[in-house]
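Undergrad: Structure of the sequence below:
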Amino acid sequence: MLSKCLAFTLWMLILFNLAACGSGTTSDKPKQATQPETTNPVDNSARADYRVIIYGNSHSAQLGSILKILVTSQLPNSTIETVTISGRFLDEIVAVSGNLAQLQQSSWSHAIFQGQKYSQSGTTNYSTEATQRLIATAKSNNIMPILFPEHPQRGNPAEAERVYNLHQSISQQEPSCIAPVGLVWNRLLAVMPTAKLYNADGNHASYAGNILTAMTFYEIISGELADAIPYTSALELDQQQQALFGQIVTQVLAEHPACPTP
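TA: Down below sits the predicted model:
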């Protein structure tokens, strides 16, 4: 009888030790790293009053004034106000005291960010921290952020894809809308190679080029289709050119939606 009790006791001790080992294995598993929470941008296209703040350099200097022409001529029940914060690059603009604060000090509906540094050769990677910071600040203030990847330099259509992809990578880190400006320019020039979109330097936009870019932002900001814009002499383009510009903008935005889906 005693031997049976000893055997039973030994068996229970073995089971207890096995259970203890098993529980130790489970608790020793490494914890999964938590990812920072990100949010999609708010959609402010239905607002009746558009208050747009633009951060950028010479490539966005004319954007605000042309957006005013488009909104006031096409949307009589809407108003628009634009303010441009100028500098060379977004990281330098953010470094200036007060520039970031302006994004928080007024009830902006939209914020456009142009001037992310990038390598034209594609061999150098620059920090995108300042751009992500601007996007996050805009979203925390219920502002719809829109990234502005620049059009390519004349004769270098591949640059448009490279810059657009860079801004997509930024949006993957901090979700934002992206205006496919370079893709619009490439499509337009493929259809109308004689279009005078560039200034003589082959870098900056001509008046027509600025109109094409502004039409892209008009559709993203208002939600109204650019190809539905009736001819208006205020744009100083001939009727055929204006219609083609609108068609190309709407076509490219249908293929490359500006804002992330919920």
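
Undergrad: what secondary structure does Leu183 sit in?
TA: What DSSP: H, G, I helix; E, B strand; the rest coil gives for Leu183 is helix.

Undergrad: ok now do Asp227, which residues does it touch?
TA: Listed by C-beta atoms under 8 Å, 6 or more residues apart in numbering, the contact partners of Asp227 are Ala243, Gly246, Gln247, Val249, Thr250, Gln251. Bear in mind the C-beta positions are built from the backbone N, C-alpha and C, glycine included.

Undergrad: Compare these and tell me which has the most neighbours.
TA: Highest neighbour count within the contacts of Asp227: Val249, with 29 neighbours (other C-beta atoms under 10 Å).

Undergrad: where exactly do the helices run in the stretch 151-262 of the chain?
TA: 158-173, 181-191, 207-222, 239-255 (DSSP state H, counting those that start in this stretch).

Undergrad: winner for burial among these?
TA: Of all the helices of the stretch 151-262 of the chain, helix 207-222 has the most neighbours on average by mean count of other C-beta atoms under 10 Å, namely a mean of 24.

Undergrad: so it versus helix 181-191, what angle?
TA: Relative orientation of helix 207-222 versus helix 181-191 (axes from the mean of the first three to the mean of the last three C-alpha atoms, to 10 degrees): 130 degrees.

Undergrad: Dump the C-alpha coordinates for helix 207-222 into PDB.
TA: C-alpha atoms of helix 207-222 as PDB (Å, rounded to 0.1, in the frame of the first residue of the first chain):
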ATOM      1  CA  TYR A 207       0.800  80.000 -67.000                       C
ATOM      2  CA  ALA A 208      -0.800  77.000 -68.800                       C
ATOM      3  CA  GLY A 209       1.200  74.600 -66.600                       C
ATOM      4  CA  ASN A 210       0.000  76.400 -63.500                       C
ATOM      5  CA  ILE A 211      -3.600  76.100 -64.700                       C
ATOM      6  CA  LEU A 212      -3.200  72.400 -65.200                       C
ATOM      7  CA  THR A 213      -1.800  71.900 -61.700                       C
ATOM      8  CA  ALA A 214      -4.500  74.100 -60.100                       C
ATOM      9  CA  MET A 215      -7.200  72.200 -61.900                       C
ATOM     10  CA  THR A 216      -5.900  69.000 -60.200                       C
ATOM     11  CA  PHE A 217      -6.100  70.700 -56.800                       C
ATOM     12  CA  TYR A 218      -9.500  72.100 -57.600                       C
ATOM     13  CA  GLU A 219     -11.000  68.700 -58.100                       C
ATOM     14  CA  ILE A 220      -9.400  67.300 -54.900                       C
ATOM     15  CA  ILE A 221     -10.400  70.300 -52.800                       C
ATOM     16  CA  SER A 222     -14.000  70.700 -54.000                       C
END
